[in-house]
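Visitor: Have a look; sequence and predicted model below, questions after that.
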Amino acid sequence: MKGDTLLDVSDLTVRFKTGRRFLTAVDNVSVDVTRGETFGLVGESGSGKSTFGLTVVRAHAPDAGRIVFDGTDISNLSDKDMRPYRTHMQMIFQDPYASLDPHMKVSAILAEPLRIHKIVPRSEISEKVTSLLEAVGMPAEAADRFPNQFSGGQRQRISIARALAVEPELLIADEPVSALDVSIQAQVMALLNDVKSRFGLTTIVIAHDLALVYQVTDRIAVMYLGQIVELGPTAEVVFGPQHPYTAALLSATPVPDPDVERSRERIVLRGEPPSALSPPSGCRFHTRCPIAQDVCRDTAPPLTEASQGHLVACHFAGQIGPVSVDLPRSVDP
Amino acid sequence: MASGTAEKSSAETTAVAVSIEGLRIEFPGPEGSWLPVVDDISFDLLSGETLGFVGESGSGKTMTALSMVGLIPKPGRLQHGTITLRGRRLDDLDDRGWAKIRGKEVGMVFQDALSGLNPVRSIGSALTEVIRRHTTVSRAEAKDQAIETLRAVGIPSPEERVDSYPHQLSGGMRQRVMIALAIVNHPDVVIADEPTTALDATIQAQILDLLSGLVGDGTLLLITHDLGVAAAICDRIAVIYAGRIVEVGEVHAILNSPTHPYTVGLIEAVPTFERDRRAMVPIPGSPPTPDEVLAGCAFTPRCSRALDRCATDRPPVTDLGDRVVSCWNPHEG
């Protein structure tokens, strides 16, 4: 996993104006993603994980902090200056029904980025469309059809083909399978994994499903109310969570094994996530945390290294105790 | 009130809360044809059990549940089959007959609490209406009952919340209100259709806790696409594919030693926390639409164990003791 850094995000803050107030969707987030890595961003709704992704591809402008892509600071580039970088990073979204223009044939959907970014000469566009469809496991005849003639899984394949059209280096997948049925989810995740290695991509997978992110990533960052609470190598975070929120999220993710589900002690959090409009003082998680003390109400814990490459923002890191997520049939390494 | 199935012994009728026999639900297809979305489904919902209905979108699980409360949407029709609640035939009821059953003998919880609640009505008014529709209590008594039910489902300060409107509540709180509406008249049977699907993981854990606590000795039909949720709270599981039950039995049998190739495929497709990250094996292809369903087993085109006869001959129904499976070539249990 060692290698050079493709994406270096430091102290990123994104605010939205809602009425007279500001909502801080992403608050001082720092992440670096290594070339070739699959990085996972996990959190519940309102955690800021999607805003993070959209800001990295500069669909939003950051309010503070830096986004350095392949050595260039792109945080404040104008739309025009940003344009060449758009081919380097692509994003796919949860809802392939909404993200494909229903009035365009698949051939036109895939040809558009090829033409705009002059990826191939005009004469080679239709050939390239066919090869893109093939890369995502779709027949060439799909080019002549409209998005509504495909199932959700097939539409997500088309979205992936469109993202691949500009030959990106970084692919950000925001809840790529959460709208799909289980048997199709696995197909699309297998496809993402396949195109990642075939095209030498670096990927960021954003999802609420910790088990899904566990399956496909090298490192995981867990977000809560706009901030990263834990970041580290995937297996370390999943099998040795240091932050009580990570532990709660793990224990709240049901697994299809009745013995595990009935024997494990679930950490059921009190209440619901507070509004990002008025986040709690101190540690933002303290209102729901099972091990919070007075200090947590007053002082925000900094993100500090618990072990090499494993960062935790908690005054009592590791004190929630190990949370078993193992299935009985799994084998310890 | 009509009473069918007199041949059932009294021992059986006390144990069976709802009995479904040969259910076939159809929707209009092209050229005056009718296509089945539920095709010959039979099962018993036993008193005091939680039965999980597991399947992908379009499998017919929701339609089966809707038929049990007389809510098959038009232009769909119950073409064949009987629905018996504690020895009483329901399938031949008219709208007025069903209105006496819904919310009184059978309670329902749907996925999307926001669209299930009337936005211009306080939650107290919704609850008292359901109470007074089925019992002769005064407004004041009904309101007291409403407050007590809100307390039972974990709504904080129910005396104040009773006057809130749905939009003033979070998603988790709205789902608690939906559950309150379902149980307020102490029904015999509760049907919950994807009750936690729209919720975040930590809130889902709370609602599952609530549901399994409330139905301690009640009878619950839980419809879910999530095998983990089924593993957590179901006693038995019925796996549905293309309008038919392919395997039904005790929860450990179904999830720990599945025999139907579709059940096996579904379990292997689910992301889990296994150390070796072998899970998420996709099932090839996609589920058939109602006009594509084969004469034999509908899973044949996606099945790695398919034999020649699978496409043409309806598979035999085999009782293996801990489960019943419908397959020509099942795995060893």
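Guide: Here it is on my side, so go on.
Visitor: CA atoms for contacts and neighbours, from now on please.
Guide: Noted.
Visitor: Low-confidence bits of the stretch 101-250 of chain B, can you list those?
Guide: B:112-115, B:215-217 (pLDDT under 70).
Visitor: residues from it in reach of chain A?
Guide: Listed as neighbours of chain A in the stretch 101-250 of chain B under the rule C-alpha under 8 Å from any C-alpha of the partner chain: B:172, B:200-206, B:225, B:227-232.
Visitor: helix/strand/coil for B:Ala146?
Guide: The local conformation at B:Ala146, judged by DSSP: H, G, I helix; E, B strand; the rest coil, is helix.
Visitor: residues touching A:Thr253, list them.
Guide: With contact set as C-alpha atoms under 8 Å, 6 or more residues apart in numbering or on different chains, A:Thr253 has these partners: A:Asp209, A:Leu210, A:Ala211, B:Ala201, B:Gly228.
Visitor: Widest-spaced pair of those residues?
Guide: Farthest pair in those (C-alpha to C-alpha) is A:Leu210 and B:Gly228. Separation: 12.9 Å.
Visitor: which of the two has more neighbours?
Guide: Shown here are A:Leu210 and B:Gly228; by other C-alpha atoms under 10 Å in any protein chain shown, A:Leu210 has more neighbours (25 against 22).
Visitor: before we move on, back to that, out of the residues of the stretch 101-250 of chain B next to chain A, who's nearest A:Pro96?
Guide: B:His225 (19.7 Å).
Visitor: Tell me who's in contact with that closest one.
Guide: Going by C-alpha under 8 Å, 6+ apart, B:His225 touches A:Asp181, A:Val182, B:Val54, B:Gly55, B:Glu56, B:Ser57, B:Glu194.
Visitor: for the record, mean pLDDT for the top helix by length along chain A?
Guide: Secondary structure of chain A per DSSP state H: the longest helix is helix A:182-198. Average pLDDT, helix A:182-198: 93.
Visitor: what about the closest residue to chain B within the stretch 1-150 of chain A, neighbour count?
Guide: Closest contact between the stretch 1-150 of chain A and chain B, by C-alpha to the nearest C-alpha, is at A:Glu44 (5.8 Å). Using other C-alpha under 10 Å, A:Glu44 has 21 other residues around it.
Visitor: again with B:Leu307
Guide: 11.
Visitor: Among the contacts of A:Thr253, which lie within helices?
Guide: With helices taken from DSSP H, the overlap with the contacts of A:Thr253 comprises A:Leu210, A:Ala211, B:Ala201, B:Gly228.
Visitor: contacting residues for the third one?
Guide: In this case it means B:Ala201. Neighbouring residues of B:Ala201 by C-alpha under 8 Å, 6+ apart: A:Glu44, A:His208, A:Leu249, A:Ala252, A:Thr253.
Visitor: what pLDDT does the fourth one get?
Guide: Residue-level confidence at A:Ala252 comes out at 89, pLDDT.
Visitor: Could you do A:Pro322 as well?
Guide: On the pLDDT scale, A:Pro322 gets 55.
Visitor: Repeat that for A:Arg21.
Guide: 88.
Visitor: sorry, back to before: wait, which of the contacts of A:Thr253 is closest to A:Ile158?
Guide: For those, the nearest to A:Ile158 is A:Asp209 (22.9 Å; C-alpha to C-alpha).
Visitor: how far away is the closest one from chain B?
Guide: Look at A:Asp209 and chain B: by C-alpha to the nearest C-alpha, to the nearest Å, they are 8 Å apart.
Visitor: how about that residue, phi and psi?
Guide: phi -90, psi 100 (degrees, to the nearest 10).
Visitor: What's the local residue count around it?
Guide: 21.
Visitor: now the helices: where do they sit in chain A?
Guide: For chain A, the helices defined by DSSP H cover A:49-56, A:79-86, A:106-116, A:125-135, A:152-165, A:182-198, A:210-216, A:234-239, A:244-252, A:258-263, A:294-298.
Visitor: how about the CA coordinates for the fifth one, as CSV?
Guide: Going back to what we said before, that points to helix A:152-165. The C-alpha atoms that make up helix A:152-165 are tabulated as CSV, following Å, rounded to 0.1, in the frame of the first residue of the first chain:
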residue,chain,number,x,y,z
GLY,A,152,-30.9,-0.4,-11.9
GLY,A,153,-27.8,-2.6,-11.9
GLN,A,154,-27.3,-2.1,-15.7
ARG,A,155,-27.8,1.7,-15.3
GLN,A,156,-25.1,1.7,-12.7
ARG,A,157,-22.8,-0.1,-15.1
ILE,A,158,-23.6,2.6,-17.7
SER,A,159,-22.7,5.3,-15.1
ILE,A,160,-19.4,3.5,-14.5
ALA,A,161,-18.7,3.4,-18.2
ARG,A,162,-19.4,7.1,-18.5
ALA,A,163,-17.0,7.8,-15.6
LEU,A,164,-14.4,5.6,-17.3
ALA,A,165,-14.8,7.4,-20.6
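Visitor: How about residues contacting it?
Guide: A:90-92, A:96-97, A:99-100, A:106, A:109-110, A:113-114, A:119, A:132-133, A:135-138, A:147, A:171, A:176, A:179-180, A:184-185, A:188, A:192.
Visitor: what's the answer for the third one, then?
Guide: With C-alpha under 8 Å, 6+ apart as the contact definition, helix A:106-116 has outside contacts at A:100-101, A:119-120, A:122, A:125-126, A:129, A:142-147, A:158, A:161-162, A:165-166.
Visitor: and these, which are buried?
Guide: Neighbour counting by 16 or more other C-alpha atoms under 10 Å in any protein chain shown classes A:100, A:119-120, A:125-126, A:129, A:142-143, A:146-147, A:158, A:161-162, A:165-166 among these as buried.
Visitor: which one of those is nearest B:Thr149?
Guide: Nearest member of these to B:Thr149, counting by C-alpha to C-alpha, is A:Leu100, at 45.1 Å.
Visitor: Next, count neighbours for the closest residue to A:Ile125 other than its chain neighbours.
Guide: Nearest residue to A:Ile125, sequence neighbours excluded (C-alpha to C-alpha, 6 or more residues apart in numbering or on different chains): A:Ala111, at 6.4 Å. For A:Ala111, the neighbour count with other C-alpha under 10 Å is 21.
Visitor: Quick check, pLDDT for A:Ala111.
Guide: Model confidence at A:Ala111, expressed as pLDDT, equals 97.
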